[in-house]
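K.L.:
Any chance you could fold what I've pasted below:
(chains A, B, C and D)
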4 protein chains.
Amino acid sequence: MKVAVIGGTGYGGVELIRLLAHHPHAELSAVLSHTQSGKDLVEVYPHLTGIVEQTVHALDVEQLAETHDLVFLATPSGVSKDILPQLVEKGIRCIDLAGDFRLKDPQLYPQWYHHEPASDAYLQKAVYGLSEIYREEIAQAQFIANPGCYPTAALLGLIPILKAGWIDPHTVIIDAKSGVSGAGRKQSLATHFSETNENLKVYKLGVHQHIPEIEQILSNVGQQEVKITFATHLVPMTRGIMCTMYVQLNEGKTTKEIIDLYHSFYERDAFVRIRPEGVWPATKEVYGSNYCDIGLAHDQRTGRLVIVSVIDNLVKGAAGQAIQNMNIMNNWDETTGLNVLPVYP
Amino acid sequence: MKVAVIGGTGYGGVELIRLLAHHPHAELSAVLSHTQSGKDLVEVYPHLTGIVEQTVHALDVEQLAETHDLVFLATPSGVSKDILPQLVEKGIRCIDLAGDFRLKDPQLYPQWYHHEPASDAYLQKAVYGLSEIYREEIAQAQFIANPGCYPTAALLGLIPILKAGWIDPHTVIIDAKSGVSGAGRKQSLATHFSETNENLKVYKLGVHQHIPEIEQILSNVGQQEVKITFATHLVPMTRGIMCTMYVQLNEGKTTKEIIDLYHSFYERDAFVRIRPEGVWPATKEVYGSNYCDIGLAHDQRTGRLVIVSVIDNLVKGAAGQAIQNMNIMNNWDETTGLNVLPVYP
Amino acid sequence: MKVAVIGGTGYGGVELIRLLAHHPHAELSAVLSHTQSGKDLVEVYPHLTGIVEQTVHALDVEQLAETHDLVFLATPSGVSKDILPQLVEKGIRCIDLAGDFRLKDPQLYPQWYHHEPASDAYLQKAVYGLSEIYREEIAQAQFIANPGCYPTAALLGLIPILKAGWIDPHTVIIDAKSGVSGAGRKQSLATHFSETNENLKVYKLGVHQHIPEIEQILSNVGQQEVKITFATHLVPMTRGIMCTMYVQLNEGKTTKEIIDLYHSFYERDAFVRIRPEGVWPATKEVYGSNYCDIGLAHDQRTGRLVIVSVIDNLVKGAAGQAIQNMNIMNNWDETTGLNVLPVYP
Amino acid sequence: MKVAVIGGTGYGGVELIRLLAHHPHAELSAVLSHTQSGKDLVEVYPHLTGIVEQTVHALDVEQLAETHDLVFLATPSGVSKDILPQLVEKGIRCIDLAGDFRLKDPQLYPQWYHHEPASDAYLQKAVYGLSEIYREEIAQAQFIANPGCYPTAALLGLIPILKAGWIDPHTVIIDAKSGVSGAGRKQSLATHFSETNENLKVYKLGVHQHIPEIEQILSNVGQQEVKITFATHLVPMTRGIMCTMYVQLNEGKTTKEIIDLYHSFYERDAFVRIRPEGVWPATKEVYGSNYCDIGLAHDQRTGRLVIVSVIDNLVKGAAGQAIQNMNIMNNWDETTGLNVLPVYP
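P.N.:
You can find the predicted model right below:
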């Protein structure tokens, strides 16, 4: 199957290229980019020398539609909302790594994304690609809104206990920390090495665009409106997201009972790993891989549950989950091309 | 005035040496260490070449008492509880950077510190050296239990709003993140470079010895028993602590009103800086300095207050605050020797 | 084919485990370790949860010989010299990642390694596993002395021009820089995070045990005695080695001619990549992969050639090259199991 | 004395601000910047809150000349060549941290700096501010060309042995490594965190503008034309420069004799520290301070001398040396305001 990556020269795009190179059924046959078109990919990313040697092209929807079966869109926010419908109308299946189709309520876009929403029809038709939760819908979808990096880590950590009804959904606090690659390859003062190295920063506190995304899914799963407190931190490392989450338990469940619940919830999910009692996951333990690792403890002194969830933001938080979704859409084994181990240390 | 540092070859000790070198009234005349005695200090720390050249000696209480007015103890947990009383009995004033005298309830020591408590008389007599809050008691004290690094950041961030009665004291959640120097110079797998670099880890979640310390002071200030949820994270950087804190507001105060409260609370405190609305502190902004910087926002969507507090764990969280306390005890200007700027970038 | 890893809980060992998991022909059936025996591998390395779940065992030569075809030794210096002969005598093929069999002259061991040499018969029989250079000897070998990390980077950068006779072999200067994982998982002050982060250090200058290894091979290839100046630096990163090398050119070759020479020399070598003129390799461009990337420039102002060579010290500098050698020994395609892409960024 | 900083919002400028805040005789009364004028300094650098609170202004030469005695220019390359003469003509003494006045030969500017030279009269009049070497000229100067960061480290390491005539001046190889702050606050792909962290890169090899600067001074000191090989590397840390230098010894001097030579050469220089035999300096040992630390070893096997020299690029490599020069120009003690200790760890 021939696939293309639009926005292939950003970090999400180049991670797709890395993972697709391992994939037995999908062949990457076009890398498209507005800003880098005409260059050889190895000029932009010398580490691909001798591995993936292609010229980067500008997007030509007609031509793409003729030659490709599935397209990944790894474009900046606000770009895919206009491109994806054109591709879908030509019968191409699409997986959008941006946020353009994640929210059902169009009014949220001006507020949180500062741009206009995609067409409402497309917003409603979009399937949210949190693979472990919406597997059946994904299998039927023509296009996927691939989840954000923070929402992936947060939701996989929260959904089992929320669905079980063991927590008060009005008490969800998510303290989220990310490596810097989440901000992409575009330069800014915030991602300038000397400002970020040996520094820990808060950013977008209370205004991060992933807030409505998490709330939409939690409300959907919890069957009532859920509002969260969400604080985001920039950690001096390249890859990795950790969400430390605090919720009030309704009932006196032990840590063991809670861990059992999670094991049972994720028993058929190869990419979710639950740590035993007293052991916590670290971001390096999923580095470069598609795993989401979760640790849990009931803080008996306060009746709160603490959930720690880690992913590699560029893999399970972006390109890896996109490929997982492609696998589901094609009825391939979900782990195809994704069985790369974490790189440790 | 002649001062000595016991445990002078750990990171707390060497930071005392750095700061004391700037101090106009205190002369560092002895550096004592059990493990390094007999060595030249510059063998242990070559960066002190030509600046502080002394031989490290083993502790001799008699001799120390004859020649020194004030002693800093920067020894590992469980050591000062036996040494400090001997020094105090000889009339020496002491500032203990360890936790041995911070808790009033002796029963907490076996549980949280895994060693026996100091003598109860000394525990009760100890003055907790959170300079901005207990200034008057410190001025009269013969010895000081210098606060822990996390408690310093957490308490300075929480006390104003707790004291004002604007929050529900049963909702305090502290998500704490620290650079690695907080773990000292002693080697362990957890602080091994290849395990820690490009990694974000949770550790001691729910069992950190700073929990009872924070609770004791919050209960004291809030005049009711306060229990907190406290999660600690190891960040791949050397210096810096950030506490991101979540509390439920009782009343609909605006962010502006809250910021005003903090400004007013700390108006005579040179080392506490409150960020304006919408601006958050970063650890690098206090690097190498004695500042505690605080940012605040009322999350209107959930009625929670988010407080972010940062310090340099080795300065305001240890050596700097110890010197601040020495200044208070001697009725010197509180900032004496501490007006070093943050090193940025 | 069943393979075992002795010393499987060090960084070289765990990298073998990562790469062997991708290998279609070799099955890792035993992980052996003196210090960790009896533990589950996932206790030692939680990132292997659900992927490689085995109990770590102590070495039993008899049993190992009965069940395994090939053994990797990733033990500390001085251990394999006693174990490997026992295995080889039982007919097991071995690949030793330590330095115990790399040097032909036994007298060099006390001087550079501070331990006794292996038996002379074994030293002489050992085949040096620099895959690209000694492919034919490796194919016939019963056991391999896998090259050191620095020697791999240095030799692949130097051999083409030395063999061509275009440089003065008495002018070789190697400025070598390494990430910290090269020092292994064993803790020391030098690899303690707070000492190493935000720091650049020189270590073992002029006394590094890789000096005689590099000199032996250069002398062999250059057919005259070669002495080098070799300085090693510790860089605040986990993975990666860079050797910046300076040699005097005999003749006025242009950079283009030199680059052509290297292209031609390595034309059948999938893992050596030569950068075009004016482009230099960076360590991140080989991160996690088996590549050695080389950049070259004739400094016309001084008549010197500057060669920059980078590898991932744990892959091409250790586990990856060991697997490459296993492939050669078994007449499998040399890249089998090694076609993992660099992880970038 | 009133001083101003032009270009005060770059890293060189803000480091001047940090150090001037400690200075007893110089008062920073104006911070000027083209790009940030009109802003409060604490908006640009929040770490200065409560310490240095000024509005940033645009440059007005007339006004500056009326109110200031000495001006530091910390502007980007090519800016001070036009501004400095205007200030000097009005009688203001100037210290230029850029390279605009460092080279005597105007023809070198188009080649190495890619801009036009300053007026020849000014180039010839400029005094090169390598404090330890040109102290007397600096004392008399009206304006100073403050040395580059690499040249400072390289020259202080090379000059004693070159001046002694113990080395062959045609064999100088400088392998230079720098932290990222040397590239300033201006954003680029090369200084983007995700590209630089966990990476070691070569850049500007053979074309760095510091080459002619080093050669000019070495030729001047060595009294013959000296050409060097100079390779520059970007290290994933914020501050610190290390030059590892290789030169051929003329005579069989021992390491001890060489170390004695350096001790004697720098005996009256508070900021140069020579390590004992077998001990090498690390960049962290000078972090935040004005020291230049030097280690030396005669590699007996090859007859080469290896010199390792480290500085903090923003202090001794820029702002610190500028203040040292201001002190010399004013006949103040050379260490005034510069006795800040290295921040370690």
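K.L.:
Which positions in the stretch 51-200 of chain A make contact with chain C?
P.N.:
Residues of the stretch 51-200 of chain A lying near chain C by CB under 8 Å from any CB of the partner chain: A:51, A:181, A:185, A:197-198. For every residue, glycine as well, the C-beta is placed using N, CA and C.
K.L.:
Show me the subset of those that also lies near chain D.
P.N.:
Near chain D, by the rule CB under 8 Å from any CB, you find A:181, A:185, A:197-198 out of those.
K.L.:
Outside of the worst-scoring helix or strand of chain A on mean pLDDT itself, list whatever touches it.
P.N.:
Of all helical and strand segments in chain A, the minimum by mean pLDDT, DSSP states H and E falls on helix A:61-67, at a mean of 93. Residues from elsewhere that reach helix A:61-67 (CB atoms under 8 Å, 6 or more residues apart in numbering or on different chains): A:2, A:4, A:29-30, A:32, A:71, A:83, A:86-87, A:90-92.
K.L.:
switch to 7 Å and redo it
P.N.:
The contact list for helix A:61-67, computed with CB atoms under 7 Å, 6 or more residues apart in numbering or on different chains, reads A:2, A:4, A:30, A:71, A:86-87, A:90, A:92.
K.L.:
and these as a markdown table, adding distance to C:Gly148, secondary structure and pLDDT?
P.N.:
Shown next, in a markdown table, are the contacts of helix A:61-67 (distance: CB to CB, whole Å; DSSP: H, G, I helix; E, B strand; the rest coil; pLDDT from 0 to 100):
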| residue | distance to C:Gly148 | secondary structure | pLDDT |
| --- | --- | --- | --- |
| A:Lys2 | 44 | strand | 97 |
| A:Ala4 | 43 | strand | 98 |
| A:Ala30 | 42 | strand | 96 |
| A:Val71 | 46 | strand | 98 |
| A:Gln86 | 55 | helix | 97 |
| A:Leu87 | 51 | helix | 97 |
| A:Lys90 | 56 | coil | 96 |
| A:Ile92 | 51 | coil | 97 |
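K.L.:
Filter those down to the buried ones.
P.N.:
Burial by neighbour count, 16 or more other CB atoms under 10 Å in any protein chain shown: within the contacts of helix A:61-67 this picks out A:4, A:30, A:71, A:87, A:92.
K.L.:
Report pLDDT for the closest residue to chain D within the stretch 1-150 of chain A.
P.N.:
Closest residue of the stretch 1-150 of chain A to chain D, CB to the nearest CB: A:Tyr11 (7.0 Å). The per-residue pLDDT reported for A:Tyr11 equals 98.
K.L.:
The one 3 residues further on too?
P.N.:
Per-residue confidence for A:Val14 comes out at a pLDDT of 97.
K.L.:
How many neighbouring residues does it have?
P.N.:
Using other CB atoms under 10 Å in any protein chain shown, A:Val14 has 27 neighbouring residues.
K.L.:
now do the one 10 residues further on
P.N.:
Per other CB under 10 Å, the neighbour tally for A:Pro24 reads 8.
K.L.:
residues in contact with A:Leu205?
P.N.:
A:231-232, B:280, B:297, B:306.
K.L.:
Look at it and tell me its secondary structure.
P.N.:
coil (DSSP: H, G, I helix; E, B strand; the rest coil).
K.L.:
what do you get for A:Ser29?
P.N.:
strand.
K.L.:
And it, how far from D:Leu218?
P.N.:
55 Å (CB to CB, to the nearest Å).
K.L.:
for A:Ile161, same thing?
P.N.:
A:Ile161 is 69 Å from D:Leu218, by CB to CB.
K.L.:
again, but for A:Asn313
P.N.:
From A:Asn313 to D:Leu218 the distance is 48 Å (CB to CB).
K.L.:
So which of those two has more stuff around it?
P.N.:
Taking neighbours as other CB under 10 Å, A:Asn313 and D:Leu218 compare with A:Asn313 leading, 30 against 22.
K.L.:
so A:Lys81 touches A:Ala118, yeah?
P.N.:
Yes: contact criterion CB atoms under 7 Å: A:Lys81 and A:Ala118 qualify, at 3.7 Å.
K.L.:
what is in contact with these two at once?
P.N.:
What both A:Lys81 and A:Ala118 touch, as defined by CB under 7 Å, 6+ apart, is the set A:Asp100.
K.L.:
Identify the residues contacting A:Ala231.
P.N.:
Applying CB under 7 Å, 6+ apart, the residues near A:Ala231 are A:175-176, A:202, A:205, B:244, B:306.
K.L.:
out of the residues you listed, who has the most neighbours?
P.N.:
Neighbour-wise, those (other CB under 10 Å) top out at B:Thr244, 28 neighbours.
K.L.:
Can you name the residues bridging to the nearest residue to it once chain neighbours are set aside?
P.N.:
Excluding its sequence neighbours, the residue lying closest to B:Thr244 (CB to CB, 6 or more residues apart in numbering or on different chains) is B:Asp175, at 4.6 Å. B:Asp175 has these beta-bridge partners by DSSP bridges: B:Ala231, B:Thr244.
K.L.:
Check whether B:Asp175 really touches A:Asp175, as I assumed.
P.N.:
Yes: between B:Asp175 and A:Asp175 there is a contact under CB under 7 Å: 4.0 Å.
K.L.:
any common contacting residues for the two?
P.N.:
With CB under 7 Å, 6+ apart, B:Asp175 and A:Asp175 have common neighbours A:244, B:244.
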